[in-house]
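Participant: quick one, fold the following:
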Amino acid sequence: MNVIVYDLLALAIGYLLGSVPFGLLLTRVAGAPDLRSIGSGNIGATNVLRTGRKDLAAATLLLDGLKGTAAALIGATLSPEGGMIAGFAAFVGHIAPVWLQFKGGKGVATFVGVLFGLSWPTALIFCVVWLSVAALSRYSSLAALTASAAAPLALLMFGQRGEAVVVTIMTAIVYYRHRDNITRLRAGAETRIGQKT
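Facilitator: You can find the predicted model right below:
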């Protein structure tokens, strides 16, 4: 019974951490336009960058990642599966925050943050794949899709089967959230990194 209670606590803590809309909060404090009214309308770092504030975008990227890491680490202290539960909940919280009518970001920064909490070697592999694909293709979305697909394979390589299952589900959600990007990639119409929109 105690394990169930701790798992539920991990779920709640993870979701609440993940649902903090750092991008929206930082841009609001800085007097930048409301993120929900520009670009994709998402609250993540990519859309923050569209405000022209690289500093805010970098801060958003860092904080969105850290909330995933924090959730996974806190959850791991509560129960054997708590890290996976809280990490997944933080990822969902970022994508569907209750405070914003469940309209959040695409979850990539929080995804890699959760990986750092669950398996830092896997997180490093994610970063290397992302940077490599981004450098070669100049497509941020393609880099995110490729790196997220590599993450469950890396976890299996490290013998973390439970984590691999959870991250596979997260990867499927990342792909769903990027469905418009995938359509544009196929059509050759996706915006490249550094390209003016």
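
Participant: pLDDT below threshold where in this protein?
Facilitator: Within the chain, the ranges that satisfy pLDDT under 70 run 1, 194-197.

Participant: may I see the buried residues of the longest helix seen in it?
Facilitator: Ranked by residue count, the top helix of the chain under DSSP state H comes out as helix 54-76. Buried residues in helix 54-76, counted by 16 or more other CB atoms under 10 Å: 56-57, 59-61, 63-76. C-betas here are computed from N, CA, C, even on glycine.

Participant: may I have the helix or strand following that helix exported as CSV, CA atoms only?
Facilitator: Sequence-wise, the next helix or strand downstream of helix 54-76 (DSSP states H and E) is helix 82-95. Extracted as CSV, the C-alpha positions of helix 82-95 are listed here (Å, rounded to 0.1, in the frame of the first residue of the first chain):
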residue,chain,number,x,y,z
GLY,A,82,9.2,6.6,-8.8
GLY,A,83,11.9,8.0,-11.1
MET,A,84,10.2,6.7,-14.2
ILE,A,85,6.7,7.7,-13.0
ALA,A,86,7.7,11.2,-12.0
GLY,A,87,9.8,11.7,-15.1
PHE,A,88,7.0,10.6,-17.4
ALA,A,89,4.5,12.8,-15.5
ALA,A,90,6.8,15.8,-15.8
PHE,A,91,7.0,15.2,-19.6
VAL,A,92,3.2,15.1,-19.8
GLY,A,93,2.9,18.1,-17.5
HIS,A,94,5.0,20.2,-19.9
ILE,A,95,3.0,19.1,-22.9
